[in-house]
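> predicted model and sequence below, questions to follow.
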Amino acid sequence: MTRAATPLTWLYAPGDRPSVVRKALASGADVVIVDLEDSVAPDRKAYALAATAELLAEPHPVPIHVRIHTPRDIRALAPLPGIVALRVPKVTHPTDIHRIVELAQGLPLYPLLENALAVEHAYAIAAAHPSVHGIALGEADLAADLGVQEDSGLDWPRSRVVVAARAAALPPPVQSVHPDVRDLDALAAGCARGRAMGFLGRAAIHPRQLPVIARAYRPTPDEIAAAEEVVKAAEAEEGALALPDGRFVDAAVVEGARRVLALAARTA
């Protein structure tokens, strides 16, 4: 299987542990995110930055994103040939993006929305600059900010970020991590729910989570067959139409079917 052109699995690895980063690069993840923020202790930040700069001195077959901690990280890493994109934590306003753009030297930016104010500004952040290539929630910090006690309490912010991404013509957001690396059943159930809400792919914190995420987000054979039926019918006649089983199909349904087939082709 070739690496997905549409990423479904995004694996975090702490920047101060080069051996873990190397294992992440060999894990089969579609994207590796080297983390310089929450997973790195304050007294290890300088070492994490130096180790990451050494890693990014050359390109890698696996796309590498870096979740930055301070503007110093951007200045040090943006010119390096091995970096593909920056993940920007704790963005709350479009002006945060404008400040980063000046340092990022054209790198794609992926803002993380981690508090109530960020969710309120979701569309403005998503549309802040052409360098923004995607948005996502940082659910642990967001839940703490909102005082949410149950997972369902985040359903509205999740829907908000899905709508904001679509409105800004960005790809569907990637789900936030599932923190329990042992409970793969809960991970699978969460992915199914996220997919139903409009997310595409999920971040992970351990390689064992990757196959579960990939399976959950790849179109099933039945979904592919149904999409092929819709597209074939749409190509046969213009405008709204009814399928042999009585289902009514309009342009939006056809567009959705084409997205399913495109994802199937890219993950084959």
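Structure received.
> residue 33 in helix, strand or coil?
The assignment at residue 33 comes out as strand when based on DSSP: H, G, I helix; E, B strand; the rest coil.
> and the gap between it and residue 259?
Applying CB to CB, to the nearest Å, the value for residue 33 to residue 259 is 25 Å. Placement of C-beta: from N, CA and C, glycine included.
> and if you look at residue 89?
Applying CB to CB, one obtains 29 Å for the distance of residue 89 from residue 259.
> ok, back up a step: pick out whichever of residue 33 and residue 259 has more residues nearby.
residue 33 (23 against 15; other CB atoms under 10 Å).
> in the sheet, who's paired with the more buried one?
The partner list for residue 33 in beta bridges (DSSP bridges) reads residue 12, residue 65.
> what's the answer for residue 86, then?
residue 66, residue 109.
> pretty sure it contacts residue 111?
No - counting by CB atoms under 8 Å, residue 86 does not reach residue 111; the two are 9.5 Å apart.
> these two: which has the busier surroundings?
residue 111 (28 against 24).
> quick one, phi/psi of the more buried one?
phi -70, psi 140 (degrees, to the nearest 10).
> could you shift the numbering so residue one becomes 3, and keep it that way?
Done: numbering now begins at 3, and the last item shifts to residue 113.
> show me the shaky parts of the stretch 103-252 of the chain.
Within the stretch 103-252 of the chain, the stretches with pLDDT under 70 are 238-248, 250.
> so where do the strands sit in it?
Read by DSSP state E, counting those that start in this stretch, the stretch 103-252 of the chain holds these strands, from start to end of the chain: 111-115, 138-139, 204-206, 243-244, 250-251.
> which one of those strands lies nearest to residue 40?
Counting by CB to CB, residue 40 lies closest to strand 111-115 out of the strands of the stretch 103-252 of the chain; the figure is 10.5 Å.
> which strands and helices lie in contact with the closest one?
Contact partners of strand 111-115 among helices and strands, from 3 or more CB pairs under 8 Å, 6 or more residues apart in numbering; DSSP states H and E: strand 87-90, helix 96-106, helix 124-128, strand 138-139.
> would you mark the buried spots in the first one?
By that I understand strand 87-90. The neighbour-count check on strand 87-90 (16 or more other CB atoms under 10 Å) flags 87, 88, 89, 90 as buried.
> any chance of the residues you listed in TSV, with pLDDT too?
Below are the buried residues of strand 87-90 laid out as TSV (pLDDT from 0 to 100):
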residue	pLDDT
87	98
88	98
89	98
90	98
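> between those residues, which is nearest residue 186?
Using CB to CB, residue 89 is the member of the buried residues of strand 87-90 that lies nearest residue 186, at 24.6 Å.
> quick check: that closest one touching residue 68?
Yes - when contacts are counted by CB under 8 Å, residue 89 is listed as touching residue 68 (6.8 Å).
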